[in-house]
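> sequence plus the predicted model coming up.
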Amino acid sequence: MRRAAPSTSVARPKPPRWVRRSWRESPSESGTRSARQPHSLRRCAPLSRSQRRRHQTTRGHNGTKRCTVREGGFLRCLRSTSRRRAIPRADYSERGARATGLMMIPSATTPPSTADVALLAFGNGAELAARDLYAVAAGLSAFSEEEKTVLVGFHDHHRAAAQALAGLVGSDAPNVREDAVYNAFRSRLEGSDKSAIYDALRELENTLVATHTSLVGTLDGTAGSALVASIITTQARHAAILALVAGRALNDALVNSATALTPGTN
């Protein structure tokens, strides 16, 4: 009886126990490599017994699952098993703002222009005039110590506003009170009628608020506009407080009917 010819195929040896197969290999592909190539190859130290017993699925540095195969002294890090869609980043550029209709914020403030210097210098003089008028009112005997403390606080606010405007203008700041503003209210700060004095000071505050509001729309530099706008909010509160302590109606505290001052015409 004739024997069958021996098979020419050589049986592939069984891999050691520490070889962990990829999740991409099917059971029918025992002992063969996966059809897909690994994503990356990197050298690593031999695995310990406890590491060899771990499940083939591990966690990556970003929390996603990954599978590794130990073969030939290399650790093959296959692609992540999670399929997450990339989230597009928000476009904060000028082009993106135009596309979404957003208003761009200036990256930096602009200094006062030559025309702004004259307007801010006038505001500096007007604030110094208000400072001196509050000094006169705080010295009247008609007010109590608590009332004088409030008037001195308003005096300090106007002084701080004048100093801030002078710091922005620089050497061109006059740092001298505007006599036209001072003389317009000085004669009304006399006597013992506190309500009348409060009304005069409230009119002063409303006049300065109207003046500064007109300056904000005229100034070219954003630094000057931001400073004047911050002054407006403080002095508008002054006017409301003076109306309330004088016993006036709420409408008097909220409505400003004063006329703005114009540099060089007052």
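Sure, I can see it. Numbering: from 1, shown residues only.
> make it CA atoms for all contacts and neighbour counts henceforth
OK.
> report pLDDT for Thr233.
If you check Thr233, the pLDDT there is 94.
> now Asn266
56.
> ditto for Pro111
89.
> just give the nearest non-adjacent residue to it, would you?
In this structure, Pro111 finds its nearest non-sequential neighbour in Gly221, 5.1 Å apart by C-alpha to C-alpha, 6 or more residues apart in numbering.
> correct me if wrong: that neighbour contacts Ala115.
No - using C-alpha atoms under 8 Å, Gly221 makes no contact with Ala115, being 9.7 Å away.
> pick out whichever of those two has more residues nearby.
Taking neighbours as other C-alpha atoms under 10 Å, Gly221 and Ala115 compare with Gly221 leading, 18 against 12.
> buried residues in stretch 212-219?
His212, Thr213, Leu215, Val216, Leu219 (16 or more other C-alpha atoms under 10 Å).
> er, stretch 194-206 I mean
Lys194, Ile197, Tyr198, Asp199, Ala200, Leu201, Arg202, Glu203, Leu204, Glu205, Asn206.
> any chance of these in CSV with distance to Thr234 as columns?
Below are the buried residues of stretch 194-206 laid out as CSV (distance: C-alpha to C-alpha, whole Å):
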residue, distance to Thr234
Lys194, 22
Ile197, 20
Tyr198, 17
Asp199, 18
Ala200, 18
Leu201, 14
Arg202, 13
Glu203, 15
Leu204, 13
Glu205, 10
Asn206, 11
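> keep only those of these that are in helices.
Lys194, Ile197, Tyr198, Asp199, Ala200, Leu201, Arg202, Glu203, Leu204, Glu205, Asn206 (DSSP state H).
> now pLDDT and distance to Asn256 too, for those residues, in a markdown table please.
Converted to a markdown table, these look like this (pLDDT from 0 to 100; distance: C-alpha to C-alpha, whole Å):
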| residue | pLDDT | distance to Asn256 |
| --- | --- | --- |
| Lys194 | 95 | 21 |
| Ile197 | 97 | 17 |
| Tyr198 | 97 | 15 |
| Asp199 | 96 | 13 |
| Ala200 | 97 | 13 |
| Leu201 | 97 | 13 |
| Arg202 | 97 | 10 |
| Glu203 | 97 | 9 |
| Leu204 | 97 | 11 |
| Glu205 | 97 | 9 |
| Asn206 | 97 | 6 |
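> closest to Gly170 among those?
When these are compared for distance to Gly170 (C-alpha to C-alpha), Glu205 wins out at 25.1 Å.
> can you give me the domain boundaries for the chain?
As assigned by automatic domain parsing, the chain contains the domains 37-77, 114-254.
> now the ones you listed as TSV including distance to Ala108?
Converted to TSV, the domains of the chain look like this (distance: least, C-alpha to C-alpha, whole Å):
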stretch	distance to Ala108
domain 37-77	38
domain 114-254	9
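> out of these, deepest packed?
Mean neighbours per residue, mean count of other C-alpha atoms under 10 Å, is largest over the domains of the chain for domain 114-254, with a mean of 18.
> start and end of it, how far apart?
35 Å (C-alpha to C-alpha, to the nearest Å).
> switch to numbering from 49
Got it, the first residue is 49 from now on, which makes the last one we talked about domain 162-302.
> what about Val198, distance to Asn299?
22 Å.
> same question, Glu194
26 Å.
> got the residue ranges for the helices in the chain?
97-101, 142-148, 162-186, 193-217, 227-234, 242-264, 270-293, 298-302.
> mean confidence for the last one?
Taken as a whole, helix 298-302 has an average pLDDT of 93.
> and it, what other elements does it pack with?
Here helix 298-302 touches helix 270-293, going by 3 or more C-alpha pairs under 8 Å, 6 or more residues apart in numbering; DSSP states H and E.
> quick one: the helix it packs on to helix 242-264, angle?
160 degrees (axes from the mean of the first three to the mean of the last three C-alpha atoms, to 10 degrees).
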